[in-house]
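Student: Sequence below, structure please.
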Amino acid sequence: MPGLLRGLAKTAAVAGTATAVHGRIQRRQDAKFAQRDAETAAKRDEAYAEQTAPPPEPAAPLPPDTSDRLAQLKSLGELKQSGVLTEAEFQAQKAKILAG
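Tutor: Numbers count the residues shown, from 1 in each chain. A predicted model of the protein is given here:
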């Protein structure tokens, strides 16, 4: 019987050691694969961000109606010719109209 107990004790010791080693290997592999998964996810997110279209640029403001400007300039010219506006006033108002 002592040989049987000794054999069981050896088997238990070997099994315990094997379980401990297996546990360490499993934890190491879990950490390694978790890191690899995180890197893969980061690369995937980066690739997705590169593929998405940038937001559209705001539309350029519409140019003011040129016919309205022409009418204002004609009216301004008539006021200058009739003597209501001086040359300096005419030039100042003309610059405002053309600036928009």
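Student: Domain-wise, how is this structure divided?
Tutor: Domain segmentation of the chain under automatic domain parsing yields 1-52, 66-99.
Student: Just read off the phi/psi values of Ala60.
Tutor: phi -70, psi 140 (degrees, to the nearest 10).
Student: Output the below-cut-off pLDDT ranges for this structure.
Tutor: 1-5, 8-9, 12-15, 18, 62-65, 100 (pLDDT under 70).
Student: Identify the single longest helix in it, thanks.
Tutor: Across the chain, the longest stretch assigned as helix under DSSP state H is helix 2-51.
Student: list the helices and strands the helix or strand following that one packs on?
Tutor: Per DSSP states H and E, the first helix or strand lying C-terminal to helix 2-51 is helix 66-81. Other helices and strands packing on helix 66-81, by 3 or more CB pairs under 8 Å, 6 or more residues apart in numbering; DSSP states H and E, are helix 87-99. Backbone N, C-alpha and C define where each C-beta goes, glycine included.
Student: Tally up the residues packed near the nearest residue in space to Phe90 that is not next to it in sequence, please.
Tutor: Distance criterion CB to CB, 6 or more residues apart in numbering; nearest residue to Phe90, sequence neighbours excluded, is Lys80 at 4.3 Å. Applying other CB atoms under 10 Å, we find 17 residues neighbouring Lys80.
Student: which ones are touching Lys80?
Tutor: By CB atoms under 8 Å, 6 or more residues apart in numbering, the residues touching Lys80 are Glu87, Glu89, Phe90.
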